[in-house]
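Visitor: Provide a 3D model corresponding to the input given below.
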Amino acid sequence: MSDARTPAQIEADIVRRRDQLAETLDEIGVRMHPKTVIGDAKARLASTVDHTAGRAFVAVNRSVSDIRAQFVSEKGEPRLERLIPVALVAVGLVGLLAVSARRRRE
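Guide: Purely as a prediction, here's the structure:
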C-alpha cells in the first residue's frame, strides 16, 4: 500500500504545518514576553502570600478561641476561678514594673 499523495495534498500539509508552527511561535512569544513573565511571577507570589496569610489567620483564630475557652464558659460566662489568678498576676507584674521604674528615676 503506497502513500501516493498529490502535490496539492503535500502543499496543503505544508501550509497547515506552517500555520501550526506560526501559532506555536506566537504563543511562545507571548509566554516569554517580560511583561507576561513578571505578571505570572506576581500572580504566583500573591497566591503564596494569600495562602500563607490565610493559614496564619486560621492558626491565630484557633489560638484565640482556645485561650478564650479557658476563660469563658460555653454559655459565655466568665470563669472566675481562672480569671482572678491571672488578673492578680497581671496586677503584681504591673506593680513590680512601676516600683522598678520609680527606683531607676531616684
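Visitor: Let me know the secondary structure of Asp3.
Guide: Taken by DSSP: H, G, I helix; E, B strand; the rest coil, the conformation at Asp3 corresponds to coil.
Visitor: Give me the distance between it and Asp13.
Guide: 12 Å (C-beta to C-beta, to the nearest Å). Heads up, the C-betas are built off the backbone N, CA and C, glycines and all.
Visitor: Compare these two (neighbour count), which wins?
Guide: Asp13 (11 against 4; other C-beta atoms under 10 Å).
Visitor: Just give the number of residues close to the closest residue in space to that one that isn't next to it in sequence.
Guide: Excluding its sequence neighbours, the residue lying closest to Asp13 (C-beta to C-beta, 6 or more residues apart in numbering) is Arg5, at 7.9 Å. Look at Arg5: counted by other C-beta under 10 Å, it has 11 neighbours.
Visitor: roughly how far apart are Arg5 and Gln20?
Guide: 18 Å.
Visitor: again with Ile10
Guide: Taken as C-beta to C-beta, the span from Ile10 to Gln20 is 16 Å.
Visitor: try Ile28
Guide: 13 Å.
Visitor: just Pro85 next, same as before
Guide: Relative to Gln20, and taking C-beta to C-beta, Pro85 is found at 77 Å.
Visitor: In a helix, Asp50, correct?
Guide: Yes: Asp50: assigned to a helix according to three-state DSSP.
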